[in-house]
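# Here you go, sequence then predicted model.
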Amino acid sequence: MSDYVLTCCSTSDLSHEYFKERNIGVTYFTFELGGTEYPDDMGRTIPPKELFRRMLEGEDTKTSQVSVGQYTEFFEPYLKEGKDVLHIAFSSGLSGSCNSARLAAEDLSAKYPDRKLYVVDSLAASTGHGLVVDAAADLRDEGKSIDEVRDWVEANRNKAHHWFFSTDLTFYIRGGRVSKTAGAIGTVLGICPLLNVNDEGKLIAREKVRGKKKVIKRIVEVMEQRAQGGLDYTGKVFISNSDCYEDARAVADLIEEKFTKMNGKVQIYDIGATIGSHTGPGTVALFFWGDEREH
């Protein structure tokens with residue numbers, strides 16, 4: 001057994017069962033739906049279908065990052081037990097929560113000088129964040145030390161590729177990520193924007209693809225171009241989706257057909273409430289290990 005604890009944020013969009021099986025601690029972001037606050041707890045309190053239905057019916061959503069105090073309350077019990085902690089945080093390019101975690105770690109390190117408490121910026125989001133956490137858990141289970149795992153994550157986090165598209169621009173427009181004019185034209189023309197996360201952990205629009213079938217084909221072409229080893233890729237592949245499982249499955253089927261050496265089958269998860277509050281329904285996100293992400 002390792003002498004340290006691996007933890008992450010709920011924005012890694014893996015399942016509750018996954019975290020339990022892999023012995024990974026999770027701190028929950030929170031969100032408001034219709035004026036009531038809920039934990040982003042992998043859909044156990046508010047299932048994804050209910051979240052997106054209520055969003056489409058007009059209920060407002062608002063997300064909240066984890067505060068310094070909440071991180072302190074989350075980390076301290078582990079330190080009291082005599083455990084070191086490696087926390088892999090949600091991208092600093094999308095939230096201030098990583099900085100909050102670091103501030104909490106500074107305070108607690110002074111209180112527990114004999115313990116190690118590392119906070120690593122994943123520069124990742126949704127199940128791309130999860131892909132980084134999964135790799136860290138594999139290294140931990142192989143017997144790597146907390147310092148070795150931290151160093152590996154910092155050296156390799158920008159090789160975790162995030163590519164995603166949306167077939168519904170409603171909430172991208174509402175959140176200001178797509179202008180009303182561009183959104184209206186895109187909706188009429190059936191444009192499905194292809195985006196990714198850059199080397200600073202920020203969302204970047206990369207291409208405009210017309211039609212769902214074309215964007216599904218295109219996102220797999222990008223994986224062919226960017227994955228480690230190309231079609232000989234041997235790593236894991238994760239996909240997350242916001243209430244559009246059939247589209248996610250179509251991407252997964254195409255990947256499993258082309259990448260015959262990959263590690264197991266494509267794992268498909270739900271986009272959680274924190275990310276989903278900004279994307280709305282209709283988003284498919286693909287995650288794999290590739291070359292260094294560009295700016």
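Arrived safely.
# Any chance of the backbone angles for the spatially most central residue of the chain?
Nearest to the geometric centre of the chain sits residue 126, at 1.6 Å (Cα atoms, centre = their mean). Reported as degrees, to the nearest 10, the phi and psi values for residue 126 are phi 50, psi -140.
# quick one, what contacts it?
Under the criterion of Cβ atoms under 8 Å, 6 or more residues apart in numbering, the contact list for residue 126 reads 11-13, 162, 240, 271-272, 275, 285, 287. C-betas here are computed from N, CA, C, even on glycine.
# So which of the residues you listed are in helices?
Judged by DSSP state H, those include residue 275 as members of helices.
# ok, the contacts of residue 126 vs residue 69, which is closest?
residue 11 (18.6 Å; Cβ to Cβ).
# how near is the nearest residue to the closest one once chain neighbours are set aside to residue 252?
Nearest non-adjacent residue to residue 11, counting by Cβ to Cβ, 6 or more residues apart in numbering: residue 90, 4.3 Å away. Residue 90 sits 25 Å away from residue 252, going by Cβ to Cβ, to the nearest Å.
# re the thing from before, I'd like to know how far the residue nearest to the residue nearest to the centre of the chain when sequence neighbours are not counted sits from residue 272.
Here the nearest residue to residue 126 in space, its sequence neighbours aside, is residue 13; by Cβ to Cβ, 6+ apart that works out to 4.5 Å. Counting by Cβ to Cβ, the gap from residue 13 to residue 272 is 5 Å.
# ok, the residue nearest to residue 11 - contacts?
Neighbouring residues of residue 90 by Cβ under 8 Å, 6+ apart: 9, 11-12, 29, 65, 97-98, 122, 124-125, 129.
# let's see it at 7 Å
For residue 90, the contact set (Cβ atoms under 7 Å, 6 or more residues apart in numbering) comprises 9, 11, 97-98, 122, 125, 129.
# try residue 149
86, 136, 139-140 are the contacts of residue 149 under Cβ under 7 Å, 6+ apart.
# which of those count as buried?
By neighbour count, with 16 or more other Cβ atoms under 10 Å, those hold 86, 136, 139-140 as buried.
# Which parts of this structure are helices?
According to DSSP H, the chain carries its helices in the segments 16-22, 48-56, 68-80, 97-111, 126-141, 146-156, 170-174, 180-189, 212-226, 245-258, 273-279.
# what's across from residue 267 in the sheet?
In this entry, residue 267 is beta-bridged to residue 238, by DSSP bridges.
# whoops, residue 36 was the one
Bridge pairing for residue 36 - DSSP bridges - gives residue 33.
# hang on, the earlier thing: out of the contacts of residue 149, which is nearest to residue 147?
The closest of the contacts of residue 149 to residue 147 turns out to be residue 86 (Cβ to Cβ; 9.0 Å).
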